[in-house]
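>>> what's the 3D shape of this:
(chains A and B)
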Protein chains: 2
Amino acid sequence: MTITITITAFEHSPDGGKGLARVRWALEEVNQPYDVRLVSFKAMKEPAHLALHPFGQIPTYEEGSLALFETGSIVFHIAQSHAGLLPTDANARARAITWMFAAVNTVEPPILELANAKLVEGDKPWTKERMPLVADRARVRLKQLSTRLGSADWLDGGFSAGDLIMVSVLLRFRSSGLLDEFPNLAAYVARGEARPAYKRAFAAQLAVNAPKA
Amino acid sequence: MTITITITAFEHSPDGGKGLARVRWALEEVNQPYDVRLVSFKAMKEPAHLALHPFGQIPTYEEGSLALFETGSIVFHIAQSHAGLLPTDANARARAITWMFAAVNTVEPPILELANAKLVEGDKPWTKERMPLVADRARVRLKQLSTRLGSADWLDGGFSAGDLIMVSVLLRFRSSGLLDEFPNLAAYVARGEARPAYKRAFAAQLAVNAPKA
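Numbers count the residues shown, from 1 in each chain, chains lettered A, B, ... in the order given. Next comes the predicted model:
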């Protein structure tokens, strides 16, 4: 008997739920069924949810007596527990994990800063002059990533959890227009979105109140 | 025969090399000898180093045919390869890894933003008015972390790679004075610094040109 996996999702997602798609996507890649518990923004800040996620966010992941939070670690746990998202060769596996950390710790911070500049400080007098500086800091990282990817399909050999996280992070740059400045990165993201598992995850997210398989 | 581990460090570290101490610290915790190759800021942007680290940073990690970059993934690889930094129980191990990701993806971004506000935008007309907003965003995270830690010594049972990364990230808040607003976090960081492995790593870093054991 398989232990039920339960993840949390926004009841009303502020960004259409793109963040959470990472965990759904990972579960679809390894063909694991899962339940979704919807959480309101208010409930996320209450003790029951804070016990699961100390920073009052989603996603969380429950599987029997195990409870995890933080997208990167949940995707890693899924990739570690099921075949399909990490290479079996030890060195290739370590490199795939490197790309997971690079995505969340080197590529994502400038997009978080860009998001804060727009969403949190959008009404400040300095925003118009400051935004191009923040965008330029993001461009530095995108250019380096674009150079490394070159004409390859994925970051290091076949598709891995590293690509899953990196594509998800890059998707957050799309609305800024920055992604389209780097055609090979835009094509890389499109390859991610074209994967059947991604499509299933995204469809499930849109139909967030429909029963899951 | 043990394969030699080689890590890179700044020839002249802009921050006294506190960033790199994480990898040194991890290697000291698991009692692994290592060589250090010093890299100048200029050399970091040149093709030979970019082949190792696509974002032109330090640290990097070389061990036989394996080459890694990104602090979190290097510390994870060390913790995965040697006893001492990750619990053997599978669930406890997954939770320790969760704290590694939480440190780099949830707690570190606001301190990176604070550092950018000071170091990159310090001469801008908006900085004086903007700094308190950025500091407040960092306080939100520190308060949540402080609440979760409570009176415990470490984040989840015994000291783990999750604590190693979290303490290293928190150390970057110290100069801002924010850390001292949360006495249990300041004490947590002090416990990390009091570990013999931390002291050895820090001493080695100060004596950066001295030969390594």
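
>>> tally of neighbours for the residue of chain A found nearest chain B?
The shortest separation between chain A and chain B is 3.3 Å, found at residue A:126 (distances taken as Cβ to the nearest Cβ). (Glycine included, C-beta is placed from N, CA and C.) By other Cβ atoms under 10 Å in any protein chain shown, the residues close to residue A:126 number 16.

>>> and for residue A:63?
Around residue A:63 there are 21 residues (other Cβ under 10 Å).

>>> any residue of stretch A:132-152 up close to chain B?
Yes. Contact check for stretch A:132-152 against chain B, using Cβ under 8 Å from any Cβ of the partner chain: residues in range are A:133, A:137, A:141, A:144-145, A:147-148.

>>> rewinding a little: identify the residue nearest the residue of chain A closest to chain B in space, chain neighbours excluded?
Once its chain neighbours are removed from consideration, residue A:126 has its nearest residue in residue B:126; the separation is 3.3 Å (Cβ to Cβ, 6 or more residues apart in numbering or on different chains).

>>> so how far is residue A:95 from the one you found?
According to Cβ to Cβ, to the nearest Å, residue B:126 and residue A:95 sit 41 Å apart.

>>> again, but for residue A:73
18 Å.

>>> phi, psi of the residue of chain A closest to chain B?
Residue A:126 has phi and psi values of phi -90, psi -10 when expressed as degrees, to the nearest 10.

>>> then the one 4 residues further on?
The phi and psi torsions at residue A:130 (degrees, to the nearest 10) take the values phi -80, psi -30.

>>> which of the helices or strands spans residue A:9?
When secondary structure is defined using DSSP states H and E, the element that contains residue A:9 is strand A:5-10.

>>> and whichever strand or helix holds residue A:204, what other elements does it pack with?
Mapping residue A:204 onto the secondary structure by DSSP H and E places it in helix A:196-206. Packed against helix A:196-206, as judged by 3 or more Cβ pairs under 8 Å, 6 or more residues apart in numbering or on different chains; DSSP states H and E, are the following elements: helix A:21-29, helix A:183-193.

>>> and the longest one, what does it pack against?
Going back to what we said before, that points to helix A:183-193. Using 3+ Cβ pairs under 8 Å, 6+ apart as the contact criterion, the elements in contact with helix A:183-193 are helix A:127-149, helix A:161-171, helix A:196-206.

>>> what about 6 Å?
Based on contacts counted as 3 or more Cβ pairs under 6 Å, 6 or more residues apart in numbering or on different chains; DSSP states H and E, the elements that helix A:183-193 packs against are helix A:127-149, helix A:161-171.

>>> could you give the angle of that helix to helix A:21-29?
60 degrees (axes from the mean of the first three to the mean of the last three Cα atoms, to 10 degrees).

>>> buried stuff in helix A:183-193?
Within helix A:183-193, the residues scored as buried using 16 or more other Cβ atoms under 10 Å in any protein chain shown are A:185-186, A:188-189, A:192.

>>> closest one to residue B:45 among the helices and strands packed on helix A:196-206?
Among the helices and strands packed on helix A:196-206, helix A:183-193 comes nearest to residue B:45, with 20.3 Å by Cβ to Cβ.

>>> figure out how far the closest one is from the centre of its chain.
Distance, stretch centre to chain centre, for helix A:183-193: 15 Å (Cα atoms, centre = their mean, to the nearest Å).

>>> up against chain B, what does chain A have?
With the criterion set to Cβ under 6 Å from any Cβ of the partner chain, chain A comes near chain B through A:54-55, A:66, A:68, A:70, A:72-73, A:77, A:91, A:94, A:97-98, A:101-102, A:104-106, A:109, A:112-113, A:126, A:144, A:148.

>>> can you say which of these are buried?
The neighbour count (16+ other Cβ under 10 Å) marks A:54-55, A:68, A:70, A:72-73, A:77, A:94, A:97-98, A:101-102, A:104-106, A:109, A:112-113, A:126, A:144, A:148 as buried among the residues of chain A next to chain B.

>>> so which of these sit within strands?
Among these, DSSP state E puts residue A:68 in strands.

>>> pretty sure residue A:85 contacts residue A:79?
Yes. Counting by Cβ atoms under 6 Å, residue A:85 touches residue A:79, with 3.6 Å between them.

>>> quick check: neighbours shared by these two?
Here residue A:85 and residue A:79 share the contacting residues residue A:161, scored by Cβ atoms under 6 Å, 6 or more residues apart in numbering or on different chains.

>>> how is chain A carved up into domains?
Under automatic domain parsing, the residue ranges defining each domain of chain A are A:5-85+A:197-206, A:90-195.
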